[in-house]
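> I'd like to go over a predicted model; first the sequence, then the structure.
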Amino acid sequence: MHAERPRRARQWLLGGVAALLGLGFLYVVTLLLPQLFFSWARDGASILVRSDAPIPDSAAAVIAGAEARIRQSPLFDPTRRYPVYVCNSRWRWNYFSGFNDQSRAFATAMGRVVFTRPARWGPNRLVGPDGSDGPRSLDVYIAHEVTHLMVLEHLGVMANRRLPAWLREGYAEYVARRDTFDYDSSRKRLIAGDEAFMTRRSDPYLKYVLLIAHLLEREGLDVSTLLNHPPDADEVEARVRAGMSSP
């Protein structure tokens with residue numbers, strides 16, 4: 001009788017472990033095959049959008065705008081399809097993001113796809129965690145996250161993880177906003193100590209973009225060298241302030 005109890009306990013324990021492993025396996029499968037949860041799709045030339053709600057015709061212009069931005073990067077692969085999944089329902093966002101209550105969108109190495117919160121295609125806006133529109137346009141958010149995928153594929157998972165935040169986010173934002181970024185006015189704000197600029201409150205990545213723009217446009221560094229051999233951010237900032245290039 002006494003020997004039976006430990007044996008049953010072990011059986012229950014092993015059964016519980018097997019059940020958890022099974023659930024974990026199913027979760028990984030759904031992360032690798034998210035299209036099972038998204039019934040609507042719209043193709044662009046290089047970006048494939050899937051959604052859990054109908055995608056209006058106005059989405060075509062937004063997708064084209066995002067594609068025009070990512071094509072500016074030398075990392076862009078014209079043979080690649082970049083999947084973007086739009087989570088209009090809260091449970092889908094929570095499921096695929098792991099209950100991320102901060103971001104509006106993210107790129108993941110698991111399946112190499114992008115997930116976003118609800119999209120408002122007509123006005124070209126992306127809804128935030130509080131239900132308000134994001135400060136940047138939807139096509140910029142999509143281009144930013146797809147650029148993360150391009151960098152991931154260029155570097156590999158481990159090297160991508162080792163990138164400093166200013167470079168990882170700065171390059172993605174540079175690609176997404178290159179056509180509207182003003183180097184000179186941003187540099188003046190940096191030198192003047194603009195509080196909103198320095199504290200990253202109004203535009204979190206603007207300072208990062210300035211450093212990236214300086215390296216690529218003023219110093220002529222190529223993207224692959226920049227990503228494979230990240231410079232020190234403080235040294236780059238000092239050169240931006242002084243109007244100098246690297247020796």
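Good, I have the coordinates.
> Could you use CA atoms for every contact and neighbour count after this?
Will do.
> Okay, now the unreliable bits of the protein?
Residue ranges of the chain with pLDDT under 70: 1-26, 200-202, 245-247.
> In it, what residue spans correspond to helices?
Along the chain, counting by DSSP state H, helices occupy 4-32, 59-70, 90-97, 138-155, 157-162, 165-177, 183-192, 195-199, 206-213, 223-228, 233-242.
> Against C87, how distant is D52?
Per Cα to Cα, to the nearest Å, D52 is found 6 Å from C87.
> So these two - more neighbours on which side?
Using other Cα atoms under 10 Å, the more surrounded residue of D52 and C87 is C87, with 25 against 19.
> ok, the more buried one - contacts?
C87 makes contacts with 51-52, 93, 115-118, as judged by Cα atoms under 8 Å, 6 or more residues apart in numbering.
> so which of these comes closest to H229?
F115 (28.8 Å; Cα to Cα).
> what about that closest one, how many neighbours?
Neighbour number of F115 under other Cα under 10 Å is 25.
> Skip the chain neighbours and tell me the closest residue to it.
Counting by Cα to Cα, 6 or more residues apart in numbering, F115 lies nearest to Y85, which is 4.7 Å off, once chain neighbours are set aside.
> Skipping its backbone neighbours, what lies nearest T147 in space?
Using Cα to Cα, 6+ apart, the nearest residue to T147 is A172, at 5.2 Å.
> what's stretch 60-75 in contact with?
42, 44-47, 76, 121, 124, 138-140, 142-143, 146-147, 150-151, 154, 175-178, 223.
> Pull out the buried residues from that stretch.
Using 16 or more other Cα atoms under 10 Å as the test for burial, stretch 60-75 gives 60, 62-71, 73, 75.
> Let's have the residues you listed in JSON lines, adding distance to M198.
Shown next, in JSON lines, are the buried residues of stretch 60-75 (distance: Cα to Cα, whole Å):
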{"residue": "A60", "distance to M198": "36"}
{"residue": "V62", "distance to M198": "31"}
{"residue": "I63", "distance to M198": "32"}
{"residue": "A64", "distance to M198": "33"}
{"residue": "G65", "distance to M198": "29"}
{"residue": "A66", "distance to M198": "28"}
{"residue": "E67", "distance to M198": "30"}
{"residue": "A68", "distance to M198": "30"}
{"residue": "R69", "distance to M198": "26"}
{"residue": "I70", "distance to M198": "27"}
{"residue": "R71", "distance to M198": "30"}
{"residue": "S73", "distance to M198": "27"}
{"residue": "L75", "distance to M198": "29"}
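> Any figure for the gap between the residue sitting nearest the centre point of the chain and A238?
Centroid-nearest residue in the chain, with Cα atoms, centre = their mean: E145, separated by 3.0 Å. For E145, the distance to A238 (Cα to Cα) stands at 29 Å.
> Next: L155.
Distance from L155 to A238, by Cα to Cα: 27 Å.
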